[in-house]
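A.B. asks: no sequence on this one, just coordinates:
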């Protein structure tokens, strides 16, 4: 029995502690959130066609390695083609996460797409394989990604991740706090910022070596504080992290404005999340203060969302025959 | 022959790299500036009377240790009394540095006052003794000062300083660059911020230990860059320093706004200077861009000054018989 269509979804993420530093193998903490990317796969007529708000067109599987969005989709299908021949497919992508907000939409898309195609073709892929395929796609758009985005999107929950070593799931009760995300009005560009940071780090190795250590220890402290439910400490550690990111040169006045307005309004901590240069600010807010903080931030951001940590990673939403 | 009056002066300062971190024995860089405090000493009628814009009144030498402005003046005269009995004096203080801007007005006052009284009384005090007396006064208003302010005010020039170890004079040609200082509109309070930072550091020793190392290495890199005339690097290092200060929790939105506006306008680097929480932002600007940068910053600060590094520390301006 052939499936007529499959829909799969995967969560976006926020980085709580350690973006940028994670690229250089320092531990970092990511949270899967309840904003997902949904991918529906149907039988196509010819080749693989993608329909999404960001990209509309065919995936040319015969091209050599190409960077950017085309290379991204091509990487996924080339990986899948190692398991099974890819028949003509129509792919529809619907995202609850705006692109270039630093909330992991590209990783979630790759994860959900991989899962959906695999399910449609009746392939057995475990989570490790899905995360790996998504990582190869991420490389086409993000240069040298750490792997934290595709990992948290695949597995869900709150994780502490170390490049090349894997991750641990954190056991956290988030009920006392809310996560608010506010857009700075400027899209982020991970690839450019990662290379800018790399260049700066290369110029001052004696300075950045202990700074990166600092960031790694911050993540370990934050993991402990999260599991103990000590959200005052988590907030403080987020604030320290914002300073370290500012030292890397990835903060901006728009981001600082949101960070400080969040703190003034009663957030326990606030920091940029994702690559910086733009994108979003993440704030940790006691639930009873959420309304007050939202009101205070409204004049400073065109897009503010309250997100919840989502334990469910990638999943098949529905199959139709 | 008795002197009728003596006027002495000492320079204010800006911290180029390493405020706060210097308290914990990391190296830091300070620059004496061409804004000075002038102290005139005349024969008085009874006791020691102070006339200044900040304090008007008698110095009670018999009181036990008192903190604050009274304790500050008392500390100076008690130190001087170990060398010579203090006769009735009238002291007039005139400062070119607004108080609580983070530009070392209190250290410059203590240094100039010590020098003027010593000259008036015909005492031989070397610079080391002057700096030490000023340090004891600083303790009354700043808690546990590093000693960098009184040192640079006494000796002048550009120095790299390490608490408990002393200082080295840097040989820098500042002619290609200007230093601009803009007030945030909020007075700083060194003592409160130093204890706030100490408390935060005590809570997360594993994080702050490598962060403080980072700051120390920053100062060493900056000293090298200054002596090589590599002001692009000095600016970058100032920007990194601003991030580290933000990690300590001493930056504010007003300070960040000035920092980012300076950078956008063409400064090589910009950071808060002094204790933070308020006070001023210091920017390093190529001389040819000074006018443009001044224009760009004007809407954001009520007080902006261009300062020059001043090689002359404390000196006697004039004596009258």
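C.D. replies: Received the coordinates, thanks. Because the structure is predicted, anything quoted here is derived from the model rather than measured.
A.B. asks: Who are the packing partners of the helix or strand residue A:141 falls within?
C.D. replies: Per DSSP states H and E, residue A:141 falls inside helix A:127-142. Using 3 or more C-beta pairs under 8 Å, 6 or more residues apart in numbering or on different chains; DSSP states H and E as the contact test, the elements touching helix A:127-142 are helix A:68-81, helix A:105-120, helix A:148-155, helix A:190-203. No exception for glycine: its C-beta is placed from N, CA and C like everyone else's.
A.B. asks: Buried residues of the lengthiest helix in chain A, list them for me.
C.D. replies: In chain A, taking DSSP state H as the definition, the longest helix is helix A:205-228. Within helix A:205-228, the residues that count as buried by 16 or more other C-beta atoms under 10 Å in any protein chain shown are A:207-223, A:225-226.
A.B. asks: got the buried residues for the strand or helix carrying residue A:57?
C.D. replies: Per DSSP H and E: residue A:57 is located in strand A:56-59. Judged by neighbour count using 16+ other C-beta under 10 Å, the buried positions of strand A:56-59 are residue A:59.
A.B. asks: What are the contacting residues of it?
C.D. replies: Residues from elsewhere that reach strand A:56-59, judged by C-beta atoms under 8 Å, 6 or more residues apart in numbering or on different chains: A:47, A:48, A:49, A:50, A:70, A:73, A:74, A:77.
A.B. asks: any idea how far the fifth one is from chain B?
C.D. replies: When you say that, I think you mean residue A:70. Distance check for residue A:70 against chain B: by C-beta to the nearest C-beta, to the nearest Å, it reads 35 Å.
A.B. asks: hang on, isn't that residue packed against residue A:60?
C.D. replies: Yes - contact criterion C-beta atoms under 8 Å: residue A:70 and residue A:60 qualify, at 7.0 Å.
A.B. asks: who has more neighbours, these two?
C.D. replies: For residue A:70 versus residue A:60, the count of surrounding residues by other C-beta atoms under 10 Å in any protein chain shown is larger for residue A:70: 17 against 13.
A.B. asks: what's near enough to touch the spatially most central residue of chain A?
C.D. replies: Nearest to the mean C-alpha position of chain A, counting by C-alpha atoms, centre = their mean, stands residue A:104 at 2.5 Å. By C-beta under 8 Å, 6+ apart, residue A:104 lies in contact with A:11, A:12, A:13, A:14, A:97, A:149, A:152, A:153, A:274.
A.B. asks: just residue A:86 next, same as before
C.D. replies: Contacts of residue A:86 by C-beta under 8 Å, 6+ apart are A:48, A:61, A:77, A:80, A:117, A:121.
A.B. asks: Can you classify it as helix, strand or coil?
C.D. replies: Look at residue A:86: counting by DSSP: H, G, I helix; E, B strand; the rest coil, its state is coil.
A.B. asks: State the pLDDT value of it.
C.D. replies: Looking at residue A:86, its pLDDT is 93.
A.B. asks: Please compute how far the helix or strand of chain A with the lowest mean pLDDT lies from its chain's middle.
C.D. replies: The element with the least model confidence among the helices and strands of chain A, by mean pLDDT, DSSP states H and E, is strand A:56-59, at a mean of 84. Chain-centre distance of strand A:56-59: 23 Å, with C-alpha atoms, centre = their mean, to the nearest Å.
A.B. asks: residues of the strand or helix carrying residue A:244 that come out buried?
C.D. replies: Using DSSP H and E, residue A:244 maps to helix A:231-247. For helix A:231-247, burial by neighbour count (16+ other C-beta under 10 Å) applies to A:231, A:233-247.
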